[in-house]
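> compute the structure for the input listed below.
(chains A and B)
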There are 2 protein chains.
Amino acid sequence: MDEHVKEQLIAVTGIDFAKTTTAQKLSYSYDATAGFQAMPDLILSPASINEVQAIVKICGEHRVPIVSRGSGTNLAAGTTPTSGGVVLLFNRMSDIVELDEENLTMTVQPGVITQEINDRALEVGLFYPPDPSSMKISTIGGNVAENSGGLRGLKYGVTRDYVKGLKIVLPSGELLSTGGKLTKDVAGYDLTSLYVGSEGTLGVIVEITLGLLPAPKTKQTMLVFYDKLAEAAETVSAIIAAKIVPATLEFMDKGTIETVEDYMNIGLPKDCEAMLLIEQDGEPVVVAGDMEKIGMLCKENGAATIQFAQSVEEAERLGTARRVALSALARKRPTTILEDATVPRSEIANMVTAIQGIAKKYDLLICTFGHAGDGNLHPTILTDVRDAEEMARVELAFEEIFHYAIELGGTITGEHGVGEMKSPYLEWRIGEAGISTMKAIKSAIDPLNIMNPGKMFAKETKKRIVVKNG
Amino acid sequence: MDEHVKEQLIAVTGIDFAKTTTAQKLSYSYDATAGFQAMPDLILSPASINEVQAIVKICGEHRVPIVSRGSGTNLAAGTTPTSGGVVLLFNRMSDIVELDEENLTMTVQPGVITQEINDRALEVGLFYPPDPSSMKISTIGGNVAENSGGLRGLKYGVTRDYVKGLKIVLPSGELLSTGGKLTKDVAGYDLTSLYVGSEGTLGVIVEITLGLLPAPKTKQTMLVFYDKLAEAAETVSAIIAAKIVPATLEFMDKGTIETVEDYMNIGLPKDCEAMLLIEQDGEPVVVAGDMEKIGMLCKENGAATIQFAQSVEEAERLGTARRVALSALARKRPTTILEDATVPRSEIANMVTAIQGIAKKYDLLICTFGHAGDGNLHPTILTDVRDAEEMARVELAFEEIFHYAIELGGTITGEHGVGEMKSPYLEWRIGEAGISTMKAIKSAIDPLNIMNPGKMFAKETKKRIVVKNG
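Residues are numbered from 1 along each chain as shown, chains lettered A, B, ... in the order given. So this is what the prediction gives:
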């Protein structure tokens, strides 16, 4: 980056809020994605929308890439500055601006931690449903940019379903306001939904108005273990067929159960093939009825063991098994690669079986857990990024997983985003017409390609090999 | 239209499915919007996606405008062929393709009547919540193009919230598939949401996959009458403050109540100032509890009379008052213009009071009813399109209504769309940056401007006069 441009940029925030040393740049050269790293030229922490606008204008004039970054928990290399440029941080734009109880909305700056939003809402009996696993450290700006999911997606939907309005600094530096506190608004194209999940490629999100719900009055939890994978999948289908939509319907396979038990010693039966974590929330009488019916459906479909939580503490303990899955798996090998291929709910058993076959075919350790109710699975490959030969097999395995997910009517990413990592596969999912339409939108809004360049759209799409799956 | 081009177009569907006479063209020269009319060149009923693609390709080659039309119930001149060209009908693409009970989805062709979707879902205990007032005659294709709302919007959201996947014929004639049966999918920009509500300006929607919910087990209904408008508005706020979200929370003002009673003689008290129709659905025990609490809140906030429906038939009868509002009003003067200015829920009383003041100021008959829970009001001007002097006052009145709605954080259209009628006001709502972003998207996807040209974007934005509202 030209020194003169750098000075102009630093002048916007002041030197106290710019990071320029090599050590600092290194800290922002990667996110939570294994195998991706690149140095930014400068890291800035603007304090206001005006400062963001000033930075974007300078970047536009000099074609400097801008990577907006929350807490860097991205799992698809969405926040690695692979083209250099400026990394924008939102640690100084992290206020809850307004909680409007009458309109059931909360307006926040992008740097607010997601958990804080939920905590603040609960204080007044309201509820922000999206709960990505990273919510204790991730920012709402990152959640919005990625359209983050979470464990409550089946019943409550994902981040996009709760974003009612945005303020966005466009690539031109202009400020765009979309939506607001309204329940209904059809004045023009839905720019709000377009920006949610756009991964920083269309502008910088600088303010967010979220919709809230009344908080559920109670929640109940159960853990269910199965000797056969198919029985767990059949239970999921049976619950939906009974017209019950649980708040949480999570799945762990044998490998994940074993690993969690080795790590935590919480008494999980290591000889079972599958586990479901099921939660229902709402009015006490309805929750009690639903949980009773769900318990019966589990038994009818072959559950070996059912543990009902008798208290909040026990529910907490049962939930731990699922919550620690990733940390437990991450201890086994040097590199953990978490995927999120997603299929229609009806195809979960097929998908998990296929993943197990693919693991065998490529001689890899793949443990699968995830959101069974959503069909959003997290096949997790435990590997070593320094082993080039094994990494080549990892890539082939993922390609087969993506391929098979798409065959089943699914997608390459349910909640993590495309980023740089999955960009070579995007066309597999959305086709040539999808890629050309999305690229046309990107060029129309960001003609200079300064907003998170290199993300979402690959220079080259991977050739799709037709494979007989494992 | 060039005769040779017309022949090519007719050859796609065959002459039996083309309408070419003046009488036929007249039938499709207008929609439900007063004061807008223009003759198309040709009306075609394609039978398949392939036929739509063939038509779009020919139209692209010869720059022929395409207006997709469902049942023509549009209230913003969204389906008037104001640039001529081809009107596409979907009467031959009106099948329910699949009801998938396991994934809670229904896949339909655009010509299916909305009511039919709800009926089919209910047969298997499922539920398609969006219920625009026109649902007995409107098509789902039109609902999707307009992102139609309805009476259940407060609790259940609008059409966009239930569209999970689309097949779209792009202006190039290519077929684009977006989304699907998945609960989560973040592979690229949300084209599905972009197309919902795009009013036919970005392509032709040829297949729709809808999400369904388990059907609520029961529903209860009450009518509440108030001597003061403010008390009705306070009740709405009090219900939300009590963390209750009713399925329906509808409002009628004095003028509407009087007109409905004159028309129907169902015993509405003509001397009251406001009426609320309140419904809750769900589990019987929860519904009973909610309705009891709501009844108390109505009393506490000054309700003069409360009528609880004791049976399904009585609920039906109470609901009639609200459902016939538009038909009743339409009898009073030759022309009925129904608007849908929308404000945050907290501003309803302010907005209704302002509308009454504006009616007085311009000496017009304006009756207001609508979705109080959503802040989505329908100020309805009863006028005569042949009276130029009065129509000039009507236009000024609407401008003030739009202006004031925007001042209150609202929008120019909550559920009817922009069409041609409101296009001069769109910039008032979304600003210069919003207009330029939307136009950039339109040009990027439809560079030849063949898709419903003249809609949404006006040649000229109305000058916004700063008025002291009535």
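> could you use CA atoms for every contact and neighbour count after this?
Will do.
> and chain A, what are its domains?
A:3-89, A:97-214, A:218-323, A:333-445 (automatic domain parsing).
> for those, give me a markdown table that also has mean pLDDT and distance to chain B.
Formatted as a markdown table, the domains of chain A follow (pLDDT from 0 to 100; distance: least, Cα to the nearest Cα, whole Å):
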| stretch | mean pLDDT | distance to chain B |
| --- | --- | --- |
| domain A:3-89 | 97 | 11 |
| domain A:97-214 | 97 | 4 |
| domain A:218-323 | 94 | 5 |
| domain A:333-445 | 95 | 4 |
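> so which of those domains gets nearest B:Glu123?
domain A:218-323 (13.1 Å; Cα to Cα).
> that closest one: how far from the chain's middle?
The chain centroid and the centroid of domain A:218-323 are separated by 22 Å, computed with Cα atoms, centre = their mean, to the nearest Å.
> could you work out the end-to-end span of that domain for me?
20 Å (Cα to Cα, to the nearest Å).
> can you give me the helices in the stretch 351-470 of chain A?
A:388-407, A:426-445 (DSSP state H, counting those that start in this stretch).
> show residues contacting the first one.
Outside helix A:388-407, the residues that touch it by Cα atoms under 8 Å, 6 or more residues apart in numbering or on different chains are A:341-343, A:351, A:354-355, A:358-359, A:362, A:364, A:381, A:383-385, A:411-412, A:428-429, A:464, A:467, A:469.
> next: the last one.
Residues external to helix A:426-445 that are found in contact with it (Cα under 8 Å, 6+ apart): A:170-171, A:201-202, A:403, A:406, A:411-412, A:418, A:449, A:456-457, A:461, A:464, B:174-178, B:187-189, B:191, B:437, B:440-441, B:444-445.
> narrow those to just the buried residues.
A:170-171, A:201-202, A:403, A:406, A:411-412, A:418, A:449, A:456-457, B:174-178, B:187-189, B:191, B:437, B:440-441, B:444-445 (16 or more other Cα atoms under 10 Å in any protein chain shown).
> tell me the contacts of the residue nearest to A:Leu44 when sequence neighbours are not counted?
Nearest in space to A:Leu44, with sequence neighbours left out and distances taken as Cα to Cα, 6 or more residues apart in numbering or on different chains, is A:Ala18 at 4.6 Å. Shown in contact with A:Ala18 (Cα under 8 Å, 6+ apart): A:10, A:42-45.
> show me how far the helix or strand hosting A:Ile208 is from its chain's centre.
A:Ile208 is part of strand A:204-211 when elements are defined by DSSP states H and E. The chain centroid and the centroid of strand A:204-211 are separated by 17 Å under Cα atoms, centre = their mean.
> mind saving the C-alpha coords of it as CSV?
Taking Å, rounded to 0.1, in the frame of the first residue of the first chain, the C-alpha atoms of strand A:204-211 are listed here in CSV:
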residue,chain,number,x,y,z
VAL,A,204,-19.9,-2.4,5.2
ILE,A,205,-22.7,-3.0,7.6
VAL,A,206,-22.7,-0.3,10.2
GLU,A,207,-26.0,-0.6,12.1
ILE,A,208,-28.5,-3.4,12.5
THR,A,209,-32.2,-3.5,13.6
LEU,A,210,-33.1,-6.9,14.9
GLY,A,211,-36.6,-8.3,15.5
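> adjacent strands (with direction) for that strand?
The strands beside strand A:204-211 in its sheet (DSSP bridges) come out as strand A:105-108 (antiparallel), strand A:163-169 (antiparallel).
> who does the next helix or strand after the last one touch, helix- and strand-wise?
Put plainly, it is strand A:163-169. Remark: after strand A:163-169, the chain's next helix or strand is strand A:175-179, criterion DSSP H and E. Using 3 or more Cα pairs under 8 Å, 6 or more residues apart in numbering or on different chains; DSSP states H and E, the elements in contact with strand A:175-179 are strand A:163-169, helix A:191-195, helix B:426-445.
> looking at the ones you listed, which is nearest to A:Leu126?
strand A:163-169 (15.5 Å).
> can I get the CA coordinates of that closest one in PDB?
The C-alpha trace of strand A:163-169 is given here as PDB (Å, rounded to 0.1, in the frame of the first residue of the first chain):
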ATOM      1  CA  VAL A 163     -32.800  -8.700  10.500                       C
ATOM      2  CA  LYS A 164     -35.400  -6.000   9.900                       C
ATOM      3  CA  GLY A 165     -33.200  -3.100   8.900                       C
ATOM      4  CA  LEU A 166     -29.600  -2.200   8.100                       C
ATOM      5  CA  LYS A 167     -27.400   0.800   7.600                       C
ATOM      6  CA  ILE A 168     -24.700   0.000   5.100                       C
ATOM      7  CA  VAL A 169     -21.800   2.000   3.800                       C
END
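> got a list of contacts for that strand?
Contacts for strand A:163-169 (Cα under 8 Å, 6+ apart): A:49, A:52-53, A:56, A:144, A:175-183, A:192-193, A:196, A:203-211.
> give the PyMOL command for selecting the buried subset of the residues you listed.
Only the buried entries of the contacts of strand A:163-169 go into this PyMOL selection, using 16+ other Cα under 10 Å:
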select buried, chain A and resi 49+52+53+56+144+175+176+177+178+179+180+181+182+183+192+193+196+203+204+205+206+207+208+209+210+211
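> pretty sure A:Ile366 is in contact with A:Ala359, am I right?
Yes - between A:Ile366 and A:Ala359 a contact is recorded at 5.8 Å, counting by Cα atoms under 8 Å.
> more neighbours: these two, which one.
A:Ile366 (25 against 22; other Cα atoms under 10 Å in any protein chain shown).
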